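> With the input below, show me the fold.
(2 chains)
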There are 2 protein chains.
Amino acid sequence: MAKPISAAFLSVVCLHLFNASHTLAGEDLLAKARQSFEPIPTAPADLPGNPTTPAKLELGKMLFFDPRLSKSHAISCSSCHNLGLGGADAEPTSIGHHWQHGGRNAPTVLNAVFNKAQFWDGRAKDLEEQAGGPMFNPVEMASPEAHVAEQLKGIPGYGAVFAKAFPGDADPITMANVQKAIAVFEATLITPNAPFDRFLKGGADELSAPQKEGLALFMDKGCSTCHNGVNVGGGMYAPFGVVEKPGAEFLPRSDKGRFMVTKTPSDKYVFKVPTLRNIALTAPYFHTGKAWDLRQAVAVMGTSQLGVGLSEDEVNKITDFLNSLTGDQPVVTYPILPPSGAATPQPEP
Amino acid sequence: MAKPISAAFLSVVCLHLFNASHTLAGEDLLAKARQSFEPIPTAPADLPGNPTTPAKLELGKMLFFDPRLSKSHAISCSSCHNLGLGGADAEPTSIGHHWQHGGRNAPTVLNAVFNKAQFWDGRAKDLEEQAGGPMFNPVEMASPEAHVAEQLKGIPGYGAVFAKAFPGDADPITMANVQKAIAVFEATLITPNAPFDRFLKGGADELSAPQKEGLALFMDKGCSTCHNGVNVGGGMYAPFGVVEKPGAEFLPRSDKGRFMVTKTPSDKYVFKVPTLRNIALTAPYFHTGKAWDLRQAVAVMGTSQLGVGLSEDEVNKITDFLNSLTGDQPVVTYPILPPSGAATPQPEP
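The predicted structure follows:
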C-alpha cells in the first residue's frame, strides 16, 4: 500500500500553486490531462482469480439486491448502494440495522473496481473482500457470520443458481462464493462515456469552455495530485487537513481514519482519496457526509488540502469540470429472487 | 362496496362441501374453472381518467424507487414492495421509519390493479389513492404531507420529468400527480402467463395431475367462493374466522379490520380477500404475516373459513394448485433518479 503523502505532497502542491496563473488551452490541456487521467474502459474486465461468467454475474446481481442477507431481511447491498442514486444513498451516513447509523458516508459502488482498495480507510483490498464487510457489521446488515450461507441454503431456489455459477464446487453455497459473485456483479458497475472520457479520447468539444478552465484549475491548483487516474481518485491515501484541519463537522476528531487499520501514527486522519467519478450524483460529501453542496466541498478541499482560498469563480469552474465526470449509468434489470420457503430461516426484526 | 358475506356465504360453503367428493376431470374441470376465474391480461390497461404515456410511466417508476419520498430518504415504495420478491417483502410486517413495524403484512403490488380496493381493509379505492397512504404514514415513510411535493421540487431534475409526464399542467409537481404517475407504473406490474392462465386458455397439460386435483378441491371445498376472478381473490371482503376464529397469532383481537374504516359492527374482523396470484412468492401469509408455510395457511383457511379439516393430501394438492398461480414477473430496468442538489431538502434521520 502507498504511504500517505506529506513533504513530497506539499512540494508538489507548491509547484502547482506556482503554475496556477498559467492557463492551458486546446491540445496543451488535453496532453496535460492525459498525463494524469485515463478514460473509464467501455467494458468491464475480469477480476483476478474470479473470472466472469453469465451465471456468476446473474447470481451476484441477485445477491446484491437480496435483503435476506441481512439479519432483518430488510437491508440489501442495494439499500445503501442505490444504482439509481449514483451507487450511493442520499444520506450523510447510511441507516442500518435497528435504525443505527453507519460511521462514514457510503462510498459509491460505481467504478469501485478501479479503486486501489475499498472502504474510506482501505481496510478491504478489493471488491471481494469488501463484500464480506457490511453483511456482518452490527450497525449495517448485522447478520451473524455463519448465518449468510445458512440463510441462502434455506432458500430453495438458490441451490441451482449457485451450482451454475460455481460448477466445480461440491458445496457451492459458501460465504466465499457469495463474495466472489457480488464482486463480479459490482465489477460491471462502471460508467464509461462521461464528457471527460470523450474529451480524453480526443473530443475537444466535449467539455464546455468553463469546464476546460475548471480542468486546468483542477490540475494547476493541485487537486489532481491526489485525484487522478481512471477514477480521478481512489488510487492513494491522504491526510484530510494536510495543510489546515477542517472543522469537526467534516473531520470529527474521534474518527482517526486509516490509523484505526494500521495503528501507524502517520495514518491518523488519513483516508483513501475518494473517486470523483459521478460526484455530481452522490451528495452529500466527505466521509462524514456533511457537505451537501459540491461547491462547498471544493472550497474546503482548497483550504484544507491545498492551503489556497479558491475564488468563487474558480470554485464554480472546478465544479463545472466535476460535472463532466458523470458517465453512462449502469443499465440493470431488477433481478427476480428465489422465494423463501417454509423452512427458510426467518428474519429477526 | 360489497357487503361481507355471512348467511348466503355459509349456504354456498355447505353446497360445496356436499359436492366435495365429486371429482371433476378434463373439460368439466376447465369449464367449471372458467366460471370462477379469468386469466391475467397479457398487457396492462389504462386507468380510468389517468391514461398511460411513456413519460408518465417512466416518472412513476422513478417515484416508486425514490427513497427521498420518505422523511429519512431511506425508504421507497420498493422497500416493502420488492419486485424481486413477488412485489412484497419477506417480513411479517414491514420495517418503517425509525424501525417501527407496520400494522399488517405488506400486500403484493403485483396485479394489485385488479383488486376492487387497496389495503387489507380496502380503505383506498384504487392504486392512485393507495399511493398517497404509506408516504404519510408515520410508521412507514413518515413524510409530512406537504413535504413530498416540496422535496421533489427541490430535486432539480424532476421538473422536466414531471413537465413531460403532465404536459398540460402549469405546476406539474403536485401530490396528485405523484399518485397518478405511481399508479400508472403499478398498473404495469402484472404477471400474465402463469400455468393456471395457460390452462384457462385451453392448455389442458399446463397443470400437473396433482394441480388439477388441487384446483378441483379449491372449487369443491369452497375456497373459490371468495378467491375467484382474475386475481383469485381481491374482489370482495370476508370475515376472517367466519366459521371458527383462528388463534390470536393469526387474528389478534385488537385489529378489527374493515370495522376501523366503516364503523359498521358487521365489519368486525372483516378483511379484503387477498389475491392468491404469485402466492408462492410472498410468504409469510395472512394480514399478520405469521404463517410461513403456505400449506399451514391453506389448512387454517379450511378450518376458519370453511369449517373443514382438510387432509394432508388435500392441503398438498391445493398448495400444488396455488403454485400454478406464479406468472411471468415484471421485467423492470432500474431507474436512474435525478440527483439531489445543494438546495434539495435534506433527510431527517
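
> dump the residue contacts of A:Ala204.
A:Gly26, A:Leu30 (CB atoms under 8 Å, 6 or more residues apart in numbering or on different chains). C-betas here are computed from N, CA, C, even on glycine.

> could you say what helices and strands the one helix or strand A:Leu30 maps to packs with?
Taking DSSP states H and E as the criterion, A:Leu30 maps to helix A:26-36. Helix A:26-36 sits against helix A:195-200, helix A:209-220, with contacts defined as 3 or more CB pairs under 8 Å, 6 or more residues apart in numbering or on different chains; DSSP states H and E.

> Just checking, which helix or strand succeeds it along the chain?
Criterion used, DSSP H and E; the element after helix A:26-36 is helix A:54-65.

> From the contact counts, what lies against that following helix?
By 3+ CB pairs under 8 Å, 6+ apart, helix A:54-65 packs against helix A:77-80, helix A:158-165, helix A:175-187.

> could you redo those helices as TSV and give each row distance to chain B and mean neighbour count?
Shown next, in TSV, are the helices and strands packed on helix A:54-65 (distance: least, CB to the nearest CB, whole Å; neighbours: other CB atoms under 10 Å in any protein chain shown):
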stretch	distance to chain B	mean neighbour count
helix A:77-80	7	24
helix A:158-165	13	19
helix A:175-187	13	23
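
> right, so of the ones you listed, which gets closest to B:Ser36?
With CB to CB as the criterion, B:Ser36 lies closest to helix A:158-165 of these, at 34.3 Å.

> name the helices or strands packed onto that closest one?
Other elements packing on helix A:158-165 under the criterion 3+ CB pairs under 8 Å, 6+ apart are helix A:54-65, helix A:147-153, helix A:175-187.

> how about those helices in CSV, adding mean pLDDT?
CSV is the format used below for those (pLDDT from 0 to 100):
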stretch, mean pLDDT
helix A:54-65, 98
helix A:147-153, 96
helix A:175-187, 98
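
> Of the ones you listed, which is nearest A:Ala88?
helix A:175-187 (13.2 Å).

> Show me which positions of the helix holding A:Leu30 end up buried.
A:Leu29, A:Leu30, A:Lys32, A:Ala33, A:Ser36 (16 or more other CB atoms under 10 Å in any protein chain shown).

> Which member of the residues you listed is positioned nearest chain B?
Nearest to chain B among the buried residues of helix A:26-36 is A:Ala33, at 24.6 Å by CB to the nearest CB.

> need the contact list for the closest one.
A:Phe199, A:Leu200, A:Leu215, A:Met219.

> switch the cut-off to 7 Å
A:Ala33 sits next to A:Leu200, A:Leu215 when contact means CB atoms under 7 Å, 6 or more residues apart in numbering or on different chains.

> Show the contacting residues for the residue of the stretch 151-300 of chain A found nearest chain B.
When scored by CB to the nearest CB, the stretch 151-300 of chain A has A:Asp293 as its residue closest to chain B, at 3.6 Å. The contact partners of A:Asp293, by CB under 7 Å, 6+ apart, come to B:Ala342.

> For A:Ala74, give me phi and psi.
phi -110, psi -10 (degrees, to the nearest 10).

> wait, it sits on A:Arg68?
No: counting by CB atoms under 7 Å, A:Ala74 stays clear of A:Arg68, with 9.2 Å between them.

> In chain A, where is pLDDT below threshold?
For chain A, the stretches with pLDDT under 70 are A:1-25.

> Give me the contacts around the host helix or strand of A:Val315.
A:Val315 belongs to helix A:312-323 when assigned by DSSP H and E. Helix A:312-323 has contacts (CB under 7 Å, 6+ apart) with A:208, A:210-211, A:213-215, A:217-218, A:276, A:279-280, A:294-295, A:298-299.

> Kindly recompute the last result at 8 Å.
A:196, A:207-208, A:210-215, A:217-218, A:221, A:223, A:276, A:279-280, A:294-295, A:298-299, A:302, A:310.

> For PyMOL, what selects the buried ones among the residues you listed?
To isolate the buried ones among the contacts of helix A:312-323 in PyMOL, judged by 16+ other CB under 10 Å, type:
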select buried, chain A and resi 196+207+210+211+212+213+214+215+217+218+221+223+276+279+280+294+295+298+299+302+310
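
> isn't A:Phe136 right next to A:Glu145, touching?
Yes: at 5.2 Å, A:Phe136 counts as touching A:Glu145 under the criterion of CB atoms under 8 Å.

> Next to chain B, which bits of the stretch 201-349 of chain A? Give me the list.
By the rule CB under 8 Å from any CB of the partner chain, the part of the stretch 201-349 of chain A lying against chain B is A:280-284, A:292-296, A:329, A:331-337, A:339-342, A:344, A:346-347, A:349.

> Show only the entries of these found in strands.
Within these, no residue falls in strands by DSSP state E.

> For ChimeraX, write the selection for the buried entries among those.
Typed into ChimeraX, the line below selects the buried ones among those, using 16+ other CB under 10 Å:
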select /A:280,281,282,283,284,292,293,294,295,296,329,332,334,335,336,337,339,340,344,346,347
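
> that older thread, so the helix holding A:Val315 versus helix A:209-220, what angle?
Relative orientation of helix A:312-323 and helix A:209-220, computed by axes from the mean of the first three to the mean of the last three CA atoms, to 10 degrees: 100 degrees.

> Dump helix A:312-323 to PDB, keeping only the CA atoms.
Taking C-alpha atoms only, helix A:312-323 is exported to PDB below (Å, rounded to 0.1, in the frame of the first residue of the first chain):
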ATOM      1  CA  GLU A 312     -16.000  31.800  -6.200                       C
ATOM      2  CA  ASP A 313     -15.200  31.800  -9.900                       C
ATOM      3  CA  GLU A 314     -12.600  29.100  -9.500                       C
ATOM      4  CA  VAL A 315     -14.800  27.000  -7.300                       C
ATOM      5  CA  ASN A 316     -17.600  27.300  -9.900                       C
ATOM      6  CA  LYS A 317     -15.300  26.300 -12.800                       C
ATOM      7  CA  ILE A 318     -13.800  23.300 -10.900                       C
ATOM      8  CA  THR A 319     -17.400  22.300 -10.100                       C
ATOM      9  CA  ASP A 320     -18.300  22.600 -13.800                       C
ATOM     10  CA  PHE A 321     -15.400  20.300 -14.600                       C
ATOM     11  CA  LEU A 322     -16.600  17.800 -11.900                       C
ATOM     12  CA  ASN A 323     -20.000  17.700 -13.600                       C
END
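
> Right, I'll call it a day here.
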